[in-house]
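Engineer: Structure for the following, please:
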Amino acid sequence: MSARTVARGDTLQLRYALRPRGGEDIVSNFDDPAPQTATLGDGTLAPALEQWLLDLPVGERHVFLLDPWQAFGESQAELIQTLPGSDLPADMELAAGQLFEFAMPNGQTLAGRILEIGDEGVKVDFNHPLADLSIEFEVEIIRILPRADTP
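Structural biologist: Modelled structure (predicted):
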């Protein structure tokens, strides 16, 4: 019997790192005591990254070199918005370059990066922080957990 590889809907224990190509890690759990558990399709990992995990075997470390369109896409001008200061928490100290979580009316949160603070409001970029970047996605599948629906 051949070793099982990752398939859609699998729950995995994995270690991974994201970095701009040739740059420092932005996210990494390789040094954490325990691997992260994620189910493909549940939103833990970006769908653009999940596709690279399909068919990977357990125990091998891979580094994928992704162009922006394969990872987090290109910046979209409509995702840069000027918000009235009243839309932001009054107790929050604002600084250009700062990332913050913005609560949406539907209860979800959206991450935004403050570009500039002006008299008219705060200019915020809601594009993914890794948009426009060529990315290195390093990953190792530690374990594929058994599916609950299989005997």
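
Engineer: Tell me which helix or strand comes right after the one helix or strand in the chain whose mean pLDDT sits lowest.
Structural biologist: Scoring the helices and strands of the chain by mean pLDDT, DSSP states H and E places strand 99-103 at the bottom, with a mean of 79. Sequence-wise, the next helix or strand downstream of strand 99-103 (DSSP states H and E) is strand 109-117.

Engineer: Give me the buried positions along that following strand.
Structural biologist: Of all the residues in strand 109-117, those buried under the rule 16 or more other C-beta atoms under 10 Å are 112, 113, 114, 115, 117. C-beta coordinates here come from the backbone N, C-alpha and C atoms, glycine included.

Engineer: Which neighbouring elements make contact with it?
Structural biologist: For strand 109-117, the packing partners by 3 or more C-beta pairs under 8 Å, 6 or more residues apart in numbering; DSSP states H and E come out as strand 99-103, strand 122-125.

Engineer: returning to that earlier point: ok, and what's touching the least confident helix or strand of the chain?
Structural biologist: 88, 92, 109, 110, 111, 112, 113, 114, 124, 126, 129 (C-beta atoms under 8 Å, 6 or more residues apart in numbering).

Engineer: Just checking: what are the partner strands of that strand?
Structural biologist: Take DSSP bridges as the rule and strand 99-103 pairs in its sheet with strand 109-117 (antiparallel).

Engineer: Dump stretch 67-83 to CSV, keeping only the CA atoms.
Structural biologist: Taking Å, rounded to 0.1, in the frame of the first residue of the first chain, the C-alpha atoms of stretch 67-83 are listed here in CSV:
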residue,chain,number,x,y,z
ASP,A,67,4.8,34.5,-7.9
PRO,A,68,2.3,37.1,-6.5
TRP,A,69,-0.5,35.6,-8.6
GLN,A,70,0.1,32.2,-7.2
ALA,A,71,0.1,33.4,-3.6
PHE,A,72,-1.7,36.5,-2.4
GLY,A,73,-2.3,38.3,-5.6
GLU,A,74,-1.8,41.8,-6.8
SER,A,75,-2.8,44.9,-4.8
GLN,A,76,-6.2,46.2,-5.7
ALA,A,77,-6.7,49.9,-5.7
GLU,A,78,-10.3,49.6,-4.4
LEU,A,79,-9.0,48.0,-1.2
ILE,A,80,-7.2,51.2,-0.2
GLN,A,81,-9.8,53.3,1.5
THR,A,82,-10.0,56.5,3.6
LEU,A,83,-12.0,55.9,6.7
